[in-house]
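>>> model this:
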Amino acid sequence: MKTIIVATDFGDIAKNAVNYAKDLSVVMGYNLTIVHIVPFVIPTSEVPSPITANGTLLENAEKKLKILRDEIAATVNTISITYAVREGNFIHELSQLCEKINTYAIVMGTEDRSGIDRLIFGNKTISAIKELLWPLIVVPAETKFNNIQKIGLACDFKDVVETIPVEEITALIQKFNATLHVIHVRGEDSNNYTPEEVEESGWLHQLLSNLNPKYHFLRGNKIEQMITDFAVENNLDLLIIIPKEHDFLSKLITQSHSKKLVLQTHVPIMAIHE
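Sure thing, here's the model as predicted:
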């Protein structure tokens, strides 16, 4: 059976993400694994024994995860709930865990207010989107799972046949019997669609024809803000982005001003790699 993995640092934002992942797992019928990753302790004069220090951290994390698992298991009996404590680099250890089980997606929380917590966990979130190969769902602070009926797909109409994960999107839409909204933003200074864009939009329509998507063509130069505003104003339950190295969506996860799409939107974002 497939498994949803949720990462936690035991803070309030991560706790909310765990609850979201739990509810999502129950609805989808997938198992749930809660993971905490302890970073290596760098030896300093104040920390004479990093092995002992990390041993304590690992033991404490184990106890917290067991309590958290037991609390969830007391209210959920339709899925298997496990936990894992790992030590090392956050992205590397998370990736190693995903490889060992039948991972459907990873869930992480993020902060939508300024502060050191957002900076630290936000950086992990951005790195996870860029580096992890599995679908990643980023859950904003205080956002609760309330089924998934309206799903947005941000698309730039470039190389759609090679980059759009049709099977994953189709399975998600069918699982929830949801409506798909395709969102395309073009700059205010762009008057006409190029022949290439017209052709790519045709390919996309053909790829997604079985899903009967609704298309939304927006104009504006603040792409990430336009997408965020659309998602909020239209009450989307989930926004899918396809991280690429060569299009505007890469800016959404690499440029500091554009990280607002992921770190500040109130709509969960699902990053699925091409």
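>>> contacts only, for the residue positioned nearest the centre of the chain.
Taking Cα atoms, centre = their mean, the centroid of the chain lies closest to Ile137, which sits 2.1 Å from it. Ile137 makes contact with 20-21, 24, 105-108, 238, 268-270 under the criterion Cβ atoms under 8 Å, 6 or more residues apart in numbering. The way it works is simple: take the backbone N, C-alpha and C, and place the C-beta from them, glycine included.
>>> mind redoing it with 7 Å?
Counting by Cβ atoms under 7 Å, 6 or more residues apart in numbering, Ile137 touches 105, 107, 268, 270.
>>> out of those residues, who's nearest Gly88?
Proximity of the contacts of Ile137 to Gly88, judged by Cβ to Cβ, is greatest for Val107, which lies at 20.2 Å.
>>> who are the packing partners of the helix or strand containing the closest one?
Taking DSSP states H and E as the definition, one finds Val107 inside strand 103-110. With contacts defined as 3 or more Cβ pairs under 7 Å, 6 or more residues apart in numbering; DSSP states H and E, strand 103-110 has these neighbours: strand 3-7, helix 12-28, helix 116-131, strand 136-140.
>>> can you flag the weakest of those by average pLDDT?
Lowest mean pLDDT within the helices and strands packed on strand 103-110: helix 116-131, a mean of 60.
>>> residue ranges of the strands in the stretch 51-200 of the chain, please?
81-87, 103-110, 136-140, 150-154, 179-186 (DSSP state E, counting those that start in this stretch).
>>> I'd like those strands written out as CSV, with distance to Tyr193 added.
Conversion of the strands of the stretch 51-200 of the chain to CSV gives the following (distance: least, Cβ to Cβ, whole Å):
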stretch, distance to Tyr193
strand 81-87, 47
strand 103-110, 33
strand 136-140, 31
strand 150-154, 17
strand 179-186, 8
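>>> out of those strands, which comes closest to Phe217?
strand 179-186 (5.4 Å).
>>> show residues contacting that closest one.
Here strand 179-186 has contacts from 149-157, 173, 208, 211, 213-220, 223, 226-227, 230, 234, 236, using Cβ under 7 Å, 6+ apart.
>>> do stretch 89-98 as well
Applying Cβ under 7 Å, 6+ apart, the external contacts of stretch 89-98 come out as 5, 7, 35, 37, 39, 84, 86, 106, 124, 127-128, 131-132, 134.
>>> pull out the buried members of those.
Applying 16 or more other Cβ atoms under 10 Å to these, the neighbour count classes 5, 7, 35, 37, 84, 86, 106, 124, 128, 132, 134 as buried.
>>> list the buried residues of stretch 230-237.
Taking 16+ other Cβ under 10 Å as the neighbour-count basis, stretch 230-237 is seen to contain the buried residues 230-231, 236-237.
>>> state the mean pLDDT of that stretch.
If you average the pLDDT over stretch 230-237, you get 92.
>>> so how far is stretch 78-92 off the chain centroid?
Relative to the centre of its chain, stretch 78-92 is centred 16 Å away, using Cα atoms, centre = their mean, to the nearest Å.
>>> C-alpha coordinates for it, CSV please?
These are the backbone C-alpha positions of stretch 78-92, laid out as CSV (Å, rounded to 0.1, in the frame of the first residue of the first chain):
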residue,chain,number,x,y,z
THR,A,78,-8.4,2.4,9.0
ILE,A,79,-4.8,3.0,8.1
SER,A,80,-1.4,2.0,9.4
ILE,A,81,0.5,4.7,11.2
THR,A,82,4.2,4.5,11.8
TYR,A,83,7.1,6.8,12.7
ALA,A,84,10.7,7.1,12.0
VAL,A,85,13.7,9.0,13.5
ARG,A,86,16.6,9.7,11.3
GLU,A,87,19.9,11.5,11.7
GLY,A,88,21.7,13.6,9.1
ASN,A,89,21.0,16.0,6.3
PHE,A,90,17.3,16.8,6.1
ILE,A,91,16.8,16.3,2.3
HIS,A,92,19.1,13.3,2.1
